[in-house]
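A.B. asks: Following is a predicted model, sequence given first.
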Amino acid sequence: MDRAIAVVEASDSAKALVREAGELAAGVDAELVLLHVTTDDEYSERREAMASIPDLDVNYTLDEAVDGAQKFARDVGRDVLADVDIDAESVGRIGEKGDEVLALADERDADHIFVAGRKRSPTGKAIFGDVTQRIILEFDGAVTVVTT
């Protein structure tokens, strides 16, 4: 492993996954990128919520959303990797999670992705799709998955 991406989420299992990614990357002297993706729907909901606050003239921009996603990844990394000897880079993205993870992996020439998955029935995956399954199938490298 030379360059890994850990997908940062708010769940305890995702935080544990970031910890494992950090320890493994530090152990082999690899680069670690922490990525948090805010979906388009999450961005729209937050933008609408902020716009609905009376007497507050706030225009929640895409750049602010990207900065917020990056800050979230950085804060989680700081918390769970405090005693791990690694300088992880934090990245925030807005869009469809699978697209953004795979695009960053391609841009950074990553060879490993760490992602938290959800347990789903095969029918649920077929009907609703599954980001983790897509990453496993489309990424040309190792993928470590922890399911909740």
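C.D. replies: All right, it came through fine.

A.B. asks: Note down every partner strand of the top strand by length along the chain and its orientation.
C.D. replies: Counting by DSSP state E, the longest strand found in the chain is strand 31-38. Within its sheet, strand 31-38 is paired with strand 3-7 (parallel), strand 89-94 (parallel), according to DSSP bridges.

A.B. asks: Need the residues that contact it.
C.D. replies: Outside of strand 31-38, the residues within contact range by C-beta atoms under 8 Å, 6 or more residues apart in numbering are 2-9, 18, 21-22, 25-26, 65-66, 68-70, 72-74, 76-77, 86, 88-97, 100-101, 104, 108, 110. Quick note: C-beta positions are derived from backbone N, CA and C, even for glycine.

A.B. asks: and that strand, how far from the chain's centre?
C.D. replies: Averaging C-alpha positions (C-alpha atoms, centre = their mean, to the nearest Å) puts strand 31-38 5 Å from its chain's average.

A.B. asks: Tell me the helix or strand right after that strand.
C.D. replies: Proceeding C-terminally, strand 31-38 gives way to helix 40-51 as the next helix or strand, assigned by DSSP states H and E.
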